[in-house]
Structures are given as structure tokens and as C-alpha cells.
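1. here's a sequence, model it:
(chains A and B)
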Amino acid sequence: MNHPSSSHWLRRRKLKEGIFRVLMAAAVVVVIGCLVLIVGTIVWKGLPAMNLSMITQTPKGGYYLGREGGILNAIVGSLYLASGATVLAILFSLPVVLYINVYAQKHSRLASLTRFSLDVLWGIPSIVYGAFGFIIMIFFGLRASLLAGILAVGLLEFPIMSRAADEVIRMVPRELLEASYSLGATRLETALKVVIRQCLPGLLTAVLIAFGRGIGDAASVLFTAGFTDRIPTSLFQPAATLPLAIFFQLGTPFPEVQQRAYASAAILTVLILVISLLARGLGKRYTRHIIK
Amino acid sequence: METRTHISVQNLSVYFDELRVLKDVSIDIPDHKITVIIGPSGCGKTTLLKSLNRLLDPLDGVRVGGRVLVDNIDIYDPRTEVTEVRKKMGLLSQRPQVLPMSIYENVAYGPRIHNHIDKKRLGEIVEHYLRMAGLWEEVKDRLGEPASRLSVGQQQRLCLARGLAVGPEIILGDEPTSALDPQSSQNVERRLIELKEEYTVIVVTHILRQAKRIADYIAFLYLGELVEHGPAAEVFANPRDPRMRAYLTGEIS
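-> Residues are numbered from 1 along each chain as shown, chains lettered A, B, ... in the order given. Next up, the predicted model:
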């Protein structure tokens, strides 16, 4: 190989490296820019309407015309609904991911079929979950209610949580499982005492991602949870949700009510943030034993 | 010297998919001795060791032919309870695998699974086995700390204590010192030599000098075949098979 051509080659390689760096930097700017822009817009437009009564009161008469009241109904409704749905999703996700990772064999067809099904479920638009929930409601003679909403949102959250948890549990080193087996532990004992402890932070993230999707989704609760100005006191009453509250407020022709929609969006965002931070804080206490 | 053997391997063949990793291996492992399995890498040493407590079991595409008798029970018989087989053996892996819990809980893990034990008794058990593994003095003031904070050498001794706490009769070591520094290695070797009074020890190693230091009985594997086995002094002094001789002189490694 002669010298001039190899130095030419080197320049081309450096050029490629440079172009790629610029592209990556641009992508990072877009990501951070989007976040700043969205949060900025919500806060900017919502701030004038933000006041204590927004989060301490339910809508009074004529709230949607710009009169007194707040969206406490939607805040509480959303919290009830998303919490219920998340608990429901955990109850189904955990056994599924433990099965495909601890029980099923490595090249198990059932495990790949399960993963494929979860991917498809993940891709289904939430309005379809809403419609599906609606059909089930009619079948059981259920009215639009907190319970129906929890079922629909739980279904929506299930594949998201399962797939995220699956990715975490897959990373558990096989040797760690073998260490537990070699002490005579059964698969169940290994799953519950070793795998879950080892994966706790990742599992927590999976739960939070699912919770975030659940609490922020409007389409799945549109038919199933209904909407009401009251705070639900039983599973069979309809429940308001923040995404729908935003939708209804934005849909009014009054600028001051539209501002409240942005304020509601800010509340929803802060709510998710606070819950994430709380959960992470709690989770920290249990991460000290993890094997790196 | 009693002739009873805990472990008797009879015509064991192991296949990973189509690949035959062990070919018709038969060996009786002598009790209360250190049996060292040696051979070049990839010859099936670890597979043989793992076949003894059915750790091959969960791996996929593994087929096992022949029999492994542990206390006269065929462990590959579908009726055999695999947790009972494993309870009889403590395993030390190449890299120590501590469980994601505290030092105390690592040792208590096995006893808690197998028996209902009250707190006080459990504390005594944990101390006893930590002493046996030569780790007690170093950790007695920080039993609640995560096991992952120990040095690798300490972790391996913790794994030893954890394995002993289940009450096994056999200790399996899969190159148990390969991740350790010389001093920790020596420490582990010393423990194994002490422990053969009470336990039957089987160790896989690719370090010939280590085999010479600790072995009472030698099994030499080459390309999945058990080429030669016998008392260590005999094998090292008078290797019968040319391949064994070649291995000892370093011609194959």
C-alpha cells in the first residue's frame, strides 16, 4: 500500500466520523428541544390559569364557561384509574415475564410467541383498547365506570410493562440463576427471591413507564370511564380523567378555559414527575444489594 | 479407607444439539478426597462437573445419555427430585456469584429454603459456616452489608459458606480460583484441603500446578473422553496414556 492513497483514505474516514458526529449532535438537540418546547408551552400558556382552586376544587356550575372551580375530580379520577390499572397490569405482567425468562427454555417457541404477542399488543392504538373495553362493558351490562376504565387502561399498560420488564429480566446473568439452583432452590424461589431483587430498579422503571402511559391516555378511557364533575366513591361510578379534562377544556371556545387546559396539562406532567421521583426514591433503598 | 462412593458416573454422554461433548464417561468418585478434573480447555471438564448436579438440566438442546448415581439414585431419572440432588452438593463457580442480598442472607438463603429455622438458630448456622469458610473474622461486623461489596476472593469464600450451609456431602468447584488473585486462590485451596475430611470434593481446573497441589485423585479429559483416571501420585508419576503424558509435559494444553 503506498502512502498518498492511505492518507487520502484516512481523510475520508475522518470526514465520515465528523458527519456522523454532527448528525448525532443534531438528534440530541431535537430531543432536548422538543422537551423544552412542550414543557415550556404548557407552563407558558397554563400559568395564568393556574391557581390553588384548580387542584383543590371540583368543577362548579359553569366551569366550562369560565366560572369557578377546578379539576380535582380529574386529578383524583386519573390517580385512581391509573393506580388500579397499574396494579392490574403488574398482576398479569410479572407472571408472564417470569415465565418466559425463568421457566421457559431458552429457545422456547411459547416464549417467542409471547414476546411477539406483547409487541403486537403494544402496537395497538389505545382507542382500540377503549372500543374493546366498551364491548366488554356492554357484554357484562356495565356502565361507563372507574372499573371499566381500569380494565381498559390495565390492558393498555400490560404489554408495555411486560415488554419493559422482560428486557430487564433478560439481562440477569445465567450464572446467578445457576447459583440459586445449585443451592437447591426451585425456579419459583429463584424468581421471587433472586431475580426480582436483582431487577428491582428496572422493574420499577417498567411499572413507571406503564403508569405514565396509563395516566396520560385519553382514548382508552373515552368510552369506558366516562366523565363526571364528581369524585368517584365507588368502582361502579364514572370517573373523570386529566387527559379528557384537557380535551374538553381545549374544546371550548373560551380562551380562559383553554388556558385551564394547559394548566391541567402542566398538573398532569408534574403529577407523573412527582410519582416517578417518589418511586425512584423508594426503590433506591432496595438497590444496594444488586450484583453489578 | 471405605470404598463407598457418593458419585458414580456410568457411560455418561452429553450432547449439545448435535455436538457430543462427553463421550461415554465412566468414573467412580472416591469419597473424602479431592478429585481434580483436568484437561485442555473445551474438553468437557465443566460439562462433566455440571452434569453431576443436573445444572445441565435447564440448558437447552442438551441431551444426556448414561447414568449418574448419587447415593445410588440415578439423578437423571425423571422421578428424582432435582432440588434434593442439588442440596447434596455445594457449587463454586468460575466467578463467584453472590446473590443480590446481604452477606448474612447469602448464607441463610439455602437453610431458609430447605427448613423452617428460628432466628437464633439461623444466626448460629450462618456463623458456623462463615467460620468454616474462613470468612467470619473479616465480616462479623458487617453481616448486613451487600455481599457485592466484598472483594472477589471474599465473595468466593462466601459462596463456599453459602454452599456448605445447605448441608451438602459434596463440594463441586468449577475452576474456583480462576478469577482470584494468588493469595485468595491459596486461601480457597487451603479450605478445600481442610474440607475433604468431611466432604467429597470435585474440582475442575486447567492449572496443572494447582492439580498437583491439591489432588488426591485425577481424572484427565481429552476431547470429551475420559482418557485416564487414578490416584494423583500414580497418574503424575506414571501416566499410562500418551495423551496424558503429552498434557503433563505441556505438549498439549
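2. what residues does the stretch 151-292 of chain A have near chain B?
-> When proximity is defined by C-beta under 8 Å from any C-beta of the partner chain, the stretch 151-292 of chain A lies next to chain B at A:173, A:175-186, A:189, A:193-194, A:197-198, A:288-292. C-beta here means a position set from N, CA and C on the backbone, and glycine is covered the same way.
3. who are the contact partners of A:Gln57?
-> By C-beta atoms under 8 Å, 6 or more residues apart in numbering or on different chains, the residues touching A:Gln57 are A:68-70, A:72.
4. now the nearest residue to it once chain neighbours are set aside: how far from chain B?
-> In space, and not counting its chain neighbours, A:Gln57 is closest to A:Gly70: 3.8 Å by C-beta to C-beta, 6 or more residues apart in numbering or on different chains. Distance of A:Gly70 to chain B, computed by C-beta to the nearest C-beta, to the nearest Å: 45 Å.
5. helix, strand or coil for A:Gly70?
-> Of the three states, A:Gly70 takes coil under DSSP: H, G, I helix; E, B strand; the rest coil.
6. backbone dihedrals for it, please?
-> With angles defined as degrees, to the nearest 10, A:Gly70 sits at phi -150, psi -160.
7. my read: it touches A:Ser53, true?
-> Yes: using C-beta atoms under 8 Å, A:Gly70 makes contact with A:Ser53 at a distance of 4.7 Å.
8. these two: which is more packed in?
-> Comparing A:Gly70 with A:Ser53 by other C-beta atoms under 10 Å in any protein chain shown, the one with more neighbours is A:Gly70, at 22 against 14.
9. contact partners for A:Ala85?
-> A:149-154, A:156-157, A:214.
10. same question, A:Ala148
-> A:133-134, A:136-137, A:142, A:224-225.
11. farthest pair within these?
-> A:Ile136 and A:Ala225 (13.4 Å; C-beta to C-beta).
12. higher neighbour count, those two?
-> It is A:Ala225, of A:Ile136 and A:Ala225, that has more neighbours when counted by other C-beta under 10 Å, with 31 against 15.
13. please, which helix or strand holds that one?
-> Using DSSP states H and E, A:Ala225 sits in no helix or strand.
14. please name the nearest non-neighbouring residue to it.
-> A:Gly149 is the one closest to A:Ala225 (C-beta to C-beta, 6+ apart), at 2.9 Å.
15. can you verify that neighbour is assigned to a strand?
-> No: checked against three-state DSSP, A:Gly149 lies outside a strand; its state is helix.
16. so what's it up against?
-> Here A:Gly149 is in contact with A:81, A:85, A:133, A:220-221, A:224-226, A:239, A:241 (criterion: C-beta under 8 Å, 6+ apart).
17. state the distance from it to chain B.
-> 37 Å.
18. could you report the pLDDT at that residue?
-> At A:Gly149, the predicted lDDT confidence score is 94.
19. mind checking which of the contacts of A:Gln57 are buried?
-> A:69-70, A:72 (16 or more other C-beta atoms under 10 Å in any protein chain shown).
20. any chance of these in CSV, with distance to B:Arg191 too?
-> As requested, those are exported to CSV (distance: C-beta to C-beta, whole Å):
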residue, distance to B:Arg191
A:Gly69, 73
A:Gly70, 69
A:Leu72, 65
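21. a markdown table for the residues you listed, including distance to B:Val82 and pLDDT?
-> Shown next, in a markdown table, are the buried ones among the contacts of A:Gln57 (distance: C-beta to C-beta, whole Å; pLDDT from 0 to 100):
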| residue | distance to B:Val82 | pLDDT |
| --- | --- | --- |
| A:Gly69 | 64 | 84 |
| A:Gly70 | 61 | 86 |
| A:Leu72 | 56 | 93 |
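22. so which residue is dead centre in chain B?
-> Residue closest to the mean C-alpha point of chain B, counted by C-alpha atoms, centre = their mean, is B:Leu172 at 1.1 Å.
23. grab the nearest non-local neighbour of that residue.
-> Distance criterion C-beta to C-beta, 6+ apart; nearest residue to B:Leu172, sequence neighbours excluded, is B:Leu91 at 4.8 Å.
24. packing partners for the helix or strand that contains the one you found?
-> Element membership for B:Leu91, per DSSP H and E: strand B:89-92. Judged by 3 or more C-beta pairs under 8 Å, 6 or more residues apart in numbering or on different chains; DSSP states H and E, strand B:89-92 is in contact with helix A:174-182, helix B:152-164, strand B:170-174.
25. quick one: the shortest one to chain centroid distance?
-> Spelled out, it's strand B:170-174. 1 Å (C-alpha atoms, centre = their mean, to the nearest Å).
26. strands paired with that strand, and their directions?
-> The pairing partners recorded for strand B:170-174 under DSSP bridges are strand B:89-92 (parallel), strand B:200-204 (parallel).
27. counting contacts, what elements does the helix or strand just after the longest one pack onto?
-> In other words, strand B:200-204. Once the chain leaves strand B:200-204, the next helix or strand it forms, by DSSP H and E, is helix B:208-214. Identification of packing neighbours for helix B:208-214 by 3+ C-beta pairs under 8 Å, 6+ apart yields strand B:34-38, helix B:182-195, helix B:232-237.
28. list of residues touching stretch A:91-106?
-> Under C-beta under 8 Å, 6+ apart, the answer for stretch A:91-106 is A:108, A:110-111, A:114-115, A:118, A:154, A:158, A:161-162, A:165-166, A:169-170, A:172, A:177, A:187, A:190-191, A:195, A:206, A:210, B:58-60.
29. in ChimeraX, how would I select the buried members of those?
-> Here is the ChimeraX command that picks out the buried ones among the contacts of stretch A:91-106, judged by 16+ other C-beta under 10 Å:
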select /A:111,114,115,118,154,158,161,162,165,166,169,172,177,187,190,191,195,206,210 /B:58
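30. among the contacts of stretch A:91-106, which lie within helices?
-> Mapping the contacts of stretch A:91-106 onto helices (DSSP state H) picks out A:110-111, A:114-115, A:118, A:154, A:158, A:161-162, A:165-166, A:169, A:177, A:187, A:206, A:210.
31. how much space separates A:Leu204 from chain B?
-> 15 Å.
32. still on that earlier bit, B:Ser26 is nearest to which of the helices and strands packed on helix B:208-214?
-> strand B:34-38 (13.9 Å).
33. I'd like the next helix or strand past the closest one.
-> helix B:45-52.
34. got the contact list for that next one?
-> Here helix B:45-52 has contacts from B:7, B:9, B:12, B:14, B:21-22, B:25, B:37-39, B:56, B:64, B:68, B:70, B:75, B:89, B:170, B:172-175, B:202, B:204, B:206, B:219, B:221, using C-beta under 8 Å, 6+ apart.
35. show me what contacts B:Ser148?
-> A:289-292, B:98, B:100, B:155.
36. which stretches of the chain have low pLDDT?
-> Since you didn't name a chain, this refers to chain A. A:1-4, A:292 (pLDDT under 70).
37. let's do chain B instead
-> Applying pLDDT under 70 to chain B picks out residues B:1-5, B:57-60, B:253.
38. what about 80?
-> In the predicted model, chain B carries pLDDT under 80 at residues B:1-6, B:57-61, B:252-253.
39. tell me which parts of it are close to chain A?
-> B:53, B:55, B:58-61, B:83-84, B:86-87, B:89-91, B:93, B:95, B:97-102, B:109-110, B:113-114, B:146-148, B:159, B:162-163, B:166, B:172.
40. domain map for chain A?
-> Following automatic domain parsing, chain A resolves into domains at A:3-49, A:56-284.
41. would you mind finding the most buried of these?
-> Ranked by mean neighbour count under mean count of other C-beta atoms under 10 Å in any protein chain shown, the domains of chain A are led by domain A:56-284, which reaches a mean of 19.
42. gap between that domain and the chain center?
-> 6 Å.
43. could you report the neighbour count for the residue lying closest to B:Ala232 once chain neighbours are set aside?
-> Leaving aside its chain neighbours, B:Ala232 sits nearest to B:Ala215 (4.0 Å; criterion: C-beta to C-beta, 6+ apart). Counted with other C-beta under 10 Å, residues neighbouring B:Ala215 total 23.
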